[in-house]
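Visitor: What follows is a predicted structure for the sequence shown.
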Amino acid sequence: MKPSIVAAIGIPLCLLVSCKDESAATKRPSSAAADSSANSTTAAAPISDDDQAAAIAFGKKFEEAVESQDEDYLRKIFDFERIIEDSFAGIELPADFRKGMRHGMQQGRDNAIQNLFASKVHLVEYRSVKGKPGLLFRFRIDGGMDYVEYQISKSGKKDPEWVISDAYTHSMGSFVSDLLRAMVLPVLAESDRSLVEKILSGNPKSAYIENVPKISQMMQLGRNGDPESGKQALEIWKTIPTEVRKAKFAMVAHIFAQSCLLEDIESAGPYLQAIDELEQAYPGDPALALMSIDQNIIRKDYDGARNAIRTLRKSIPDPYLDFYLGYVDLHAEDYESAETRARTFIEIEPEDSEGYEMLLESGFGADQHEVTAEALTKLEADFDMDFSGALTAEGFESFIASEPGKKWIAQRGLSKRSQ
């Protein structure tokens, strides 16, 4: 079946905002970039203080637009023409093909924006991305974490505004422009094989090109996150030639597929092996920095998980990573440390429920009933959460019977009656 241009670019556009659960010099790959081990930032290009301040203001506006779900604004700031130009620099694409790409990217953008609205987005810092102005954001969605670096440029309008012209997703270790290039090649090959060979500098890698649609389908299934999708993705994996499986894009898709089947430590073997294979093939790749955190937690190597976070902290100046160590503490049952990290985060980000959620878990795990009651009270009062299920939930018996538990029940009863 002929691949669809819309389907081909769906994954790269999704990665503009990171759809799932490192700063080094790089040069542009000369062939399909999903095969490469591209890193993120490069030496900074000159930029004035005023432009840097304006870029940071743009980042804050982006953050606010996500929080307020300002879809109209977000639809305006992704510069598809520049992404296409970056993906196919120096190549004259057929006009109809370029038009189809723009149409497909618009559809992909709308899906990406919906993913944005399901995320917690936080501007971390201004930084150079591929030698151009850029912004680093943290994304939190469904309990997962990712970092995305946006390359930004000024629009060509009379009164130029900042727009997003590329993105580097840490969980994938790739730029959107590189992934777009790799995934569009099979579609382009249907109409002009000679042009594809020109793009690949005389090295057509036909087996890779022919299997990119399968890898793309695997990636989509893996991002669904459910066991059935994971099984379907692994069936596709069986049909992919051995030499193509060595491509980084294919290996990451395999990891995502295996993650769908994770139920407990006993079922983690294939998932851990898939990560090990990526590490052996692409040692030091940025995509491994985030994966190794979960990998070590599953193996109950909590010091390894902590070291992975601290290593990430060296390249990402985000205080949130200090708080994130608390999740490792919870797995390691070091509830005192988790409580300390939760309280520190609450002081820094009092309007973020995540600090109180960790406080709740640490108090509950340690049978510190006063801490549990404190967290429950705050989450219900300030974050509109309902914990009435705790009154009868298994494991909460000792808390409910405790003095802090009784006080919490009485207080929430008074609170409900006064509303």
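Guide: Looks like it arrived, so ask away. Numbers count the residues shown, from 1 in each chain.

Visitor: Give me the below-cutoff pLDDT ranges for the stretch 301-419 of the chain.
Guide: Across the stretch 301-419 of the chain, the ranges flagged by pLDDT under 70 are 414-419.

Visitor: For it, which segments are assigned as helices?
Guide: Per DSSP state H, counting those that start in this stretch, the stretch 301-419 of the chain carries helices over the ranges 302-315, 320-331, 335-348, 353-365, 369-382, 397-401, 403-418.

Visitor: where does the stretch 51-200 of the chain dip in pLDDT?
Guide: Across the stretch 51-200 of the chain, the ranges flagged by pLDDT under 70 are 90, 157-159, 185-200.

Visitor: how many other residues sit next to residue 75?
Guide: 12 (other Cβ atoms under 10 Å). Every C-beta, even on glycine, is put in place using the N, C-alpha and C of the backbone.

Visitor: what do you get for residue 406?
Guide: 14.

Visitor: distance of it from residue 379?
Guide: Computed as Cβ to Cβ, to the nearest Å, the residue 406 to residue 379 distance reads 18 Å.

Visitor: Same list (the helices of the stretch 301-419 of the chain) but as a markdown table, adding distance to residue 57.
Guide: Putting the helices of the stretch 301-419 of the chain into a markdown table (distance: least, Cβ to Cβ, whole Å) gives the following:
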| stretch | distance to residue 57 |
| --- | --- |
| helix 302-315 | 24 |
| helix 320-331 | 21 |
| helix 335-348 | 22 |
| helix 353-365 | 26 |
| helix 369-382 | 29 |
| helix 397-401 | 46 |
| helix 403-418 | 40 |
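
Visitor: looking at the ones you listed, which is buried most?
Guide: helix 353-365 (a mean of 22; mean count of other Cβ atoms under 10 Å).

Visitor: Would you state the strands of this protein in chain order?
Guide: With DSSP state E as the criterion, the chain has strands at 120-129, 132-141, 144-154, 162-169, 174-175.

Visitor: Just put these in JSON lines and tack on distance to residue 388 and mean neighbour count.
Guide: Shown next, in JSON lines, are the strands of the chain (distance: least, Cβ to Cβ, whole Å; neighbours: other Cβ atoms under 10 Å):
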{"stretch": "strand 120-129", "distance to residue 388": "25", "mean neighbour count": "18"}
{"stretch": "strand 132-141", "distance to residue 388": "26", "mean neighbour count": "22"}
{"stretch": "strand 144-154", "distance to residue 388": "28", "mean neighbour count": "22"}
{"stretch": "strand 162-169", "distance to residue 388": "39", "mean neighbour count": "25"}
{"stretch": "strand 174-175", "distance to residue 388": "45", "mean neighbour count": "30"}
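
Visitor: Now render these as a markdown table, adding distance to residue 207.
Guide: As requested, the strands of the chain are exported to a markdown table (distance: least, Cβ to Cβ, whole Å):
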| stretch | distance to residue 207 |
| --- | --- |
| strand 120-129 | 32 |
| strand 132-141 | 34 |
| strand 144-154 | 30 |
| strand 162-169 | 25 |
| strand 174-175 | 20 |
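
Visitor: Among those, which comes closest to residue 81?
Guide: Between residue 81 and these, the shortest gap by Cβ to Cβ is with strand 162-169, which sits at 8.8 Å.

Visitor: tell me which strands and helices the closest one is in contact with?
Guide: Judged by 3 or more Cβ pairs under 8 Å, 6 or more residues apart in numbering; DSSP states H and E, strand 162-169 is in contact with helix 49-67, helix 80-87, strand 144-154, strand 174-175, helix 176-191.

Visitor: most tightly surrounded among the ones you listed?
Guide: The highest mean neighbour count among the helices and strands packed on strand 162-169, using mean count of other Cβ under 10 Å, belongs to strand 174-175: a mean of 30.

Visitor: That one pairs with which strands, parallel or anti?
Guide: Strand partners for strand 174-175, identified by DSSP bridges, are recorded as strand 162-169 (antiparallel).

Visitor: tilt between the longest helix seen in the chain and helix 49-67?
Guide: The helix spanning the most residues in the chain, taking DSSP state H as the definition, is helix 95-117. Helix 95-117 runs at 70 degrees relative to helix 49-67, counting by axes from the mean of the first three to the mean of the last three Cα atoms, to 10 degrees.

Visitor: next one: helix 95-117 to chain centre, how far?
Guide: Taking Cα atoms, centre = their mean, to the nearest Å, one finds helix 95-117 lying 19 Å from the centre of the chain it belongs to.

Visitor: Give me the buried stretch members for that helix, please.
Guide: Buried residues in helix 95-117, counting neighbours by 16 or more other Cβ atoms under 10 Å, are found at 97, 100-101, 104-105, 108-109, 112-113, 115-116.

Visitor: Give me the helices and strands touching it, please.
Guide: Counting contacts by 3+ Cβ pairs under 8 Å, 6+ apart, helix 95-117 is packed against helix 5-14, helix 71-76, helix 80-87, helix 176-191.

Visitor: burial measure for the residue nearest to residue 113 when sequence neighbours are not counted, as a count.
Guide: Once flanking residues are discounted, residue 113 sits nearest to residue 74: 5.1 Å by Cβ to Cβ, 6 or more residues apart in numbering. Under the neighbour criterion other Cβ under 10 Å, residue 74 is assigned a count of 20.

Visitor: and residue 124, how far is that from residue 362?
Guide: Look at residue 124 and residue 362: by Cβ to Cβ, they are 25 Å apart.

Visitor: Dihedrals phi and psi, residue 300?
Guide: Torsion angles at residue 300 (phi, psi; degrees, to the nearest 10) stand at phi 60, psi 30.

Visitor: per-residue confidence for it?
Guide: For residue 300, the model assigns a pLDDT of 92.
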